[in-house]
Each structure stands twice: as C-alpha cells, then as structure tokens.
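A.B. asks: Everything below, folded, please.
(one chain, ligands or ions: 1)
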Amino acid sequence: MDAQDILTALGLEPSHLGTGDHAVTSPIDGSVLARLSLAGPEDTDAAVERAHAAFLKWRTVPPPRRGDLVRLLGEELRANKGALGRLVSMEAGKILSEGLGEVQEMIDICDFAVGLSRQLYGLTIASERPGHRMSETWHPLGAVGVITAFNFPVAVWSWNTCVALVCGDPVVWKPSEKTPLTALACQALLRRAVQRFGAADVPDGLLEVVIGGPDVGERLVDSPLLPLISVTGSIPMGKKVAPRVAARMGRSILELGGNNGAIVAPSADLDLALRSIVFAAAGTCGQRCTTLRRLIVHEDIHAEVVERLHRAYRSLPVGNTLDAGTLVGPLYDESAFERMQAALERARADGGTVTGGERVTEGVPEGGVYVRPAVAEMPDQTEIVRQETFAPILYVLKYREFDQALALHNGVPQGLSSAIYTTDLRESELFLSAAGSDAGIANVNIGPSGAEIGGAFGGEKETGGGRESGSDAWKAYMRRQTQTVNYGRELPLAQGVKFDID
Ligand code: UN1
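C.D. replies: As a prediction, this is how the structure comes out:
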C-alpha cells in the first residue's frame, strides 16, 4: 500500500492534498507525501467560533449518547488500524509495530471513554442545614484547544478528544505541521462515525482541525472561547503557553518534556532489565517523551550492564521503519541529528565516554536521517544530562548507596516517568513511596515508556503537571458545580448566621 492508497482508504482525497505550499515529508526517505495549505489566524478564529457554537448544542446531548459517537469512532479505528498505523509510520517515522500500537492506544481510549460516558459521577454532600440537599455535579466546560506533537501524532489527540467528547466538549485540534495527514485521517474517520451516528444529531464544529504554524497555536492559546488548552511539546514551548493561558484565566494541561531515569539495582533480573532498557532508550529512535534517557546503575553491576548495552546496541537493526525486522527508524530530520551530535559533544567535553551515535548510511533509505543509538557513560550528572535531547542517547551513571541513586534520579528539572529494576521489595517500595521517585509515572521492572491509557498520563516539575487519558483526568475537561437546594419552608443560613428582616 503506498501513501495514496492509504489516504484513499482512510477517506481522504489525494488530489486535494497536492496543491498547497506546505510540503509534508516522510522522515523515512524525505519523500513528499502531500502539499497542504496552512491555516492563518482568521481561519483559526472561524474554527474556534464553529467549535464554540457546537459546544452550545453538544453540551445538552446526554453523556451516554455522546459515548455512542466515541464507540463508533472506535469501530472505525478497529476497521482501519492497518492503514492508519502505516500512515503514522510513514509520517512520524516510527516502526510499523509502534504505528499500529499507537492506533491500538486510540482504540483503548475509545473503550475507556465509552465507559466513562456513564460514569461522570458527582457527589452528594451532607448539608449542615435542615431541609437542604447539597451535591456536586460536573458540566461540560467548553471547546478545548488541543495542540499535539509529531512523535505521537494521533494517540495524544485521541486521549484528549475521546474524553472531551463524552464530557460534552468539542475540540479544535492543531496537529504538528510535520504530521497533518494523520490528523486529517482522524478527522475523516470521525466524520464516518458521525454519519453512522446520525449526522443530524451532531453539530458542525465538533472537531475542527487547523493545520498551521506557531501563529495558529498562539491564536488558540489566547482565545477566550477555549477554556482549556491541552498542549504536548517542549518545556520552552510550555513556558510560553502556560502564562498566556493563565493571563486570561484559562486552564491548561501541559505535557512537556521528560528526562526519564531508571535505577538498576544489584538484585535486578538483568536479562529482563536489559531488554526493557533497550526498548525504552532506543525504541522510537529516542523520540518519545517517555524515552529512557538516564540509567543509574549500581557500581557492582555497572561494568556488566554497560558491556551488555554495547552489545545490544551494536546489533540493533536500524533502517526503514516499514521493513519487518527494523527496530530503530529515522530521526525526524537533520536538525534533530545536529542537536543529538551537539549533546554528544558536550557529554564528551564533560568527561563522558560515548559509544555509538554516528550516522548510519548503509542499508537505510536515502534521504532519511539514521543514527546508531548512543550510550554515554558519564562521570557525573552534568548539565547536558539534566536536559532532554530528543534523540536516542542513554546517559549511564554509577551509584553506590540507594539514597544517592534516588537523589540522582530526582536531580533533574523534569518529572515525567521513571523506573527501577530490582527484586528487593524494600527498594521498590521506597522508590514508589513519598520519599521516592518524584515523577508522575513510576514503574517497577518496566521501562518508563509505553504507558497504558487507563492511568493518568503526565508529569511533575517542568513537565508541567498536566494529566491526560485515564483515571480521573476527565475532570479537567468539565466544570464542577456545587449545588444546594432548600426543600424546606425555613431559611436557615450557613454557619448559623442570623439576618432576620421582621
Ligand atoms: C509521548 O511521547 O508524547 O507512554 C506520549 C508512552 C506512550 C505515550 C507517549 N503511551 O510511551
């Protein structure tokens, strides 16, 4: 199946995708997949207004009925998993199994959101006044601005959108301008679900896709018609977005950079740990926000772990992501390669020993940027180790005492995901305790990446504090109302206050 066949299967008309100024390229070989026109500020404002108008209608549709639409979207995704997964691989450059895994993540969140559509529970609260009833209920919030990154071009949209839709909120989506085709495919699949749902019951504007650059993002960030902005991206970007949304008293969900660490304790099952570490650090060519970037290894097993890592890294199949057997695909582009090389240079200057990291040119498609994932043994957690470089670099540090490992682990500005490999119950429990990992996600004998949708996804510190996807993350997409009803004939005031007129 080539790109044109896939787009057609997903309900897009390839002839409409060839006329704009913005070239969409595949990181696999740099080939142009489509040429699109970018939206400007006026188009964005119009999309927001349509979404707001849709909100005024969609909020009155009963939540389980809203869930029906998400169920139908899930059916479309199941039926088109192969095509969409392949398009994700072509557009974002991840291996096919991960492209398909990303679509599976979408299917899973659809199922979750359908269940949620019957579980948007409030509370009944004991009132201090006789003849009064107090409750807390959750109402739709408004249209939500969703800004996503190239590396998970569709799953992160679905976490937000499936939950937002059952909560009664339309979505205005700005995908990365690197990956607009998968966004248009999602929009087309939702359109099919709407047809089956009964188009008359769905307001126009339930999902608006605006493909554009930072000016479009800024327009969303500043729009008072979008009470919630959910953004995935870099920490510098989040630091610009958060105060702007706050300045208009909007809410934001920030899912920013991670710099995820894992501790390898002497009791670890090293066969399991090694497999897990290599997937977490080199998988997706190091381009997940949950990628493992810092490995903190006990000194007794440090030499063995490093030696086994080198062996595994040397034989990692780097190549075309669409070929069966490839485990490491391309970096997104040349500037990602330059950032990787600059980071490795700094690691060397800090006294690190770097293995791998060089460009791969043999057996890979021309026009793509391929690298051998790197291992950098570091004498210390230097400044470069404390930064997120979006590339497959695994910094390896050494520890002697467990407290020291924890301090190293937590000694970075980011706090997304974390892991420990140990079979010592005391260590694993300490790692999960209040005095342990300070990240939003903490795993034992599992790498930091590849989280399931059922948990709340997000992290602390400069990762931004937002939570998306499962658990009670839905509450951010609704407004809470405390309601009190007086069904008596008296008017007792709270706190026993007296205010009698006659
Ligand atoms: C991201 O990289 O932005 O936990 C999201 C994971 C995936 C999601 C990553 N489920 O690795």
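A.B. asks: helix or strand for the residue nearest to the spatial centre of the chain, which one?
C.D. replies: Centroid-nearest residue in the chain: Val156, 4.5 Å away (criterion: CA atoms, centre = their mean). Val156 is located in helix 155-167, with elements delineated by DSSP states H and E.
A.B. asks: tell me which strands and helices that helix is in contact with?
C.D. replies: Applying 3 or more CB pairs under 8 Å, 6 or more residues apart in numbering; DSSP states H and E, one finds that helix 155-167 contacts helix 63-79, helix 96-116, strand 144-147, strand 171-174, helix 180-197, strand 468-469. All C-beta spots, glycine's among them, are computed from the backbone N, C-alpha and C.
A.B. asks: so what strands line up beside the helix or strand just after the fifth one?
C.D. replies: Meaning helix 180-197. Sequence-wise, the next helix or strand downstream of helix 180-197 (DSSP H and E) is strand 207-209. Partner strands and pairing direction for strand 207-209 (DSSP bridges) are strand 171-174 (parallel).
A.B. asks: which residues are in contact with the partner strand?
C.D. replies: Residues outside strand 171-174 that contact it (CB atoms under 8 Å, 6 or more residues apart in numbering): 44, 47-48, 51, 143-148, 157, 160-161, 164-165, 183, 187, 206-212, 216-217, 220, 226.
A.B. asks: Pull the number of nearby residues for the residue nearest to Leu73 when sequence neighbours are not counted.
C.D. replies: Nearest non-adjacent residue to Leu73, counting by CB to CB, 6 or more residues apart in numbering: Ala193, 4.4 Å away. If you count neighbours by other CB atoms under 10 Å, Ala193 ends up with 20.
A.B. asks: Surely Ala193 and Asp68 touch.
C.D. replies: No. Using CB atoms under 8 Å, Ala193 is not in contact with Asp68, being 9.3 Å away.
A.B. asks: re earlier: for the residue nearest to Leu73, what are its contacts?
C.D. replies: 69, 72-73, 75-76.
A.B. asks: swap the cut-off to 7 Å and go again
C.D. replies: 69, 72-73, 76 (CB atoms under 7 Å, 6 or more residues apart in numbering).
A.B. asks: I would like a ChimeraX command selecting only the buried ones among these, please.
C.D. replies: This is the ChimeraX syntax for the buried subset of the contacts of Ala193, where burial follows 16 or more other CB atoms under 10 Å:
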select :69,72,73,76
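A.B. asks: What are the phi and psi values at Thr382?
C.D. replies: Reported as degrees, to the nearest 10, the phi and psi values for Thr382 are phi -80, psi 180.
A.B. asks: Name the nearest residue to it, sequence neighbours excluded.
C.D. replies: Thr382 sits nearest to Asp350 (CB to CB, 6+ apart), 4.1 Å away.
A.B. asks: Could you check how far the residue of the stretch 51-200 of the chain found nearest the ligand is from Glu91?
C.D. replies: When scored by CB to the nearest ligand atom, the stretch 51-200 of the chain has Phe152 as its residue closest to the ligand, at 4.4 Å. Phe152 sits at a distance of 12 Å from Glu91 (criterion: CB to CB, to the nearest Å).
A.B. asks: do Asp68 as well
C.D. replies: 30 Å.
A.B. asks: Then His298?
C.D. replies: 41 Å.
A.B. asks: Give me the more crowded residue out of these two.
C.D. replies: The neighbour comparison of His298 against Glu91 (other CB under 10 Å) goes to Glu91, with 29 against 21.
A.B. asks: helix/strand/coil for that one?
C.D. replies: helix (DSSP: H, G, I helix; E, B strand; the rest coil).
A.B. asks: hang on, isn't it packed against Val154?
C.D. replies: No. The criterion here is CB atoms under 7 Å, and Glu91 misses it with Val154 at 9.5 Å.
A.B. asks: Find the residues that touch each one of these two.
C.D. replies: Thr182.
A.B. asks: Asp472: what's it in contact with?
C.D. replies: Per CB under 7 Å, 6+ apart, neighbours of Asp472: none.
A.B. asks: what ranges of this structure fall below the confidence cut-off?
C.D. replies: When residues are selected by pLDDT under 70, those of the chain lie in 1.
A.B. asks: how about the residues of it that lie near the ligand?
C.D. replies: 105, 151-152, 156, 232, 288-290, 449-451 (CB under 6 Å from any ligand atom).
A.B. asks: 8 Å - rerun?
C.D. replies: 105, 149, 151-152, 155-156, 232, 255, 258, 284, 287-291, 417, 441, 448-453, 457 (CB under 8 Å from any ligand atom).
A.B. asks: Select from those every entry located in helices.
C.D. replies: 105, 155-156 (DSSP state H).
A.B. asks: any idea what sits nearest Ala9, other than its immediate chain neighbours?
C.D. replies: Of all residues not flanking Ala9 in the chain, Ala83 sits nearest, at 4.6 Å (CB to CB, 6+ apart).
A.B. asks: Could you list which residues are in contact with the one you found?
C.D. replies: Ala83 neighbours (CB under 7 Å, 6+ apart): 6, 9-10.
A.B. asks: ok, 8 Å please
C.D. replies: By CB under 8 Å, 6+ apart, the neighbours of Ala83 are 1, 6, 9-10, 185.
A.B. asks: Just the buried ones among those, please.
C.D. replies: 6, 9-10, 185.
A.B. asks: Helices of the stretch 251-400 of the chain, start to end?
C.D. replies: Residue ranges of the helices in the stretch 251-400 of the chain, as given by DSSP state H, counting those that start in this stretch, are 270-282, 299-314, 334-349.
A.B. asks: Show me what counts as buried in the shortest one.
C.D. replies: Across helix 270-282, burial judged by 16+ other CB under 10 Å covers 270, 273-274, 276-278, 280-282.
A.B. asks: what's it in contact with?
C.D. replies: Against helix 270-282 from outside (CB under 8 Å, 6+ apart): 260, 262, 264, 290-293, 295, 301, 304-305, 308-309, 312-313, 316, 327-328, 373, 392, 394, 419, 421, 445-450.
A.B. asks: Ok, the second one next?
C.D. replies: Applying CB under 8 Å, 6+ apart, the external contacts of helix 299-314 come out as 264, 266, 268, 270, 273-274, 277-278, 282, 295, 297, 355-356, 372-375, 377, 394, 396, 398-400.
A.B. asks: Let's see that with 6 Å instead.
C.D. replies: Residues from elsewhere that reach helix 299-314, judged by CB atoms under 6 Å, 6 or more residues apart in numbering: 264, 266, 274, 278, 297, 355-356, 373, 375, 398, 400.
A.B. asks: of those, buried ones?
C.D. replies: 264, 274, 278, 297, 355-356, 373, 375, 398.
A.B. asks: Out of those, name the ones that lie in strands.
C.D. replies: 264, 297, 355, 375, 398 (DSSP state E).
A.B. asks: Chain neighbours aside, what residue packs nearest to Cys289?
C.D. replies: Gly258 (4.7 Å).
A.B. asks: mind listing what the one you found touches?
C.D. replies: 289-290, 414, 416-417, 463 are the contacts of Gly258 under CB under 6 Å, 6+ apart.
A.B. asks: and the residue nearest to Thr382, how many neighbours?
C.D. replies: Asp350, neighbours per other CB under 10 Å, totals 17.
A.B. asks: Was I right to think it contacts Asp380?
C.D. replies: No. Counting by CB atoms under 6 Å, Asp350 does not reach Asp380; the two are 7.2 Å apart.
A.B. asks: Which residues are in contact with each of the two?
C.D. replies: Among the neighbours of Asp350, none is also in contact with Asp380 (CB under 6 Å, 6+ apart).
A.B. asks: Quick one: classify the residue nearest to Leu184 when sequence neighbours are not counted as helix, strand or coil.
C.D. replies: Counting by CB to CB, 6+ apart, Leu12 is the residue found nearest to Leu184 once chain neighbours are left out, at 5.7 Å. Secondary structure for Leu12, judged by three-state DSSP, is coil.
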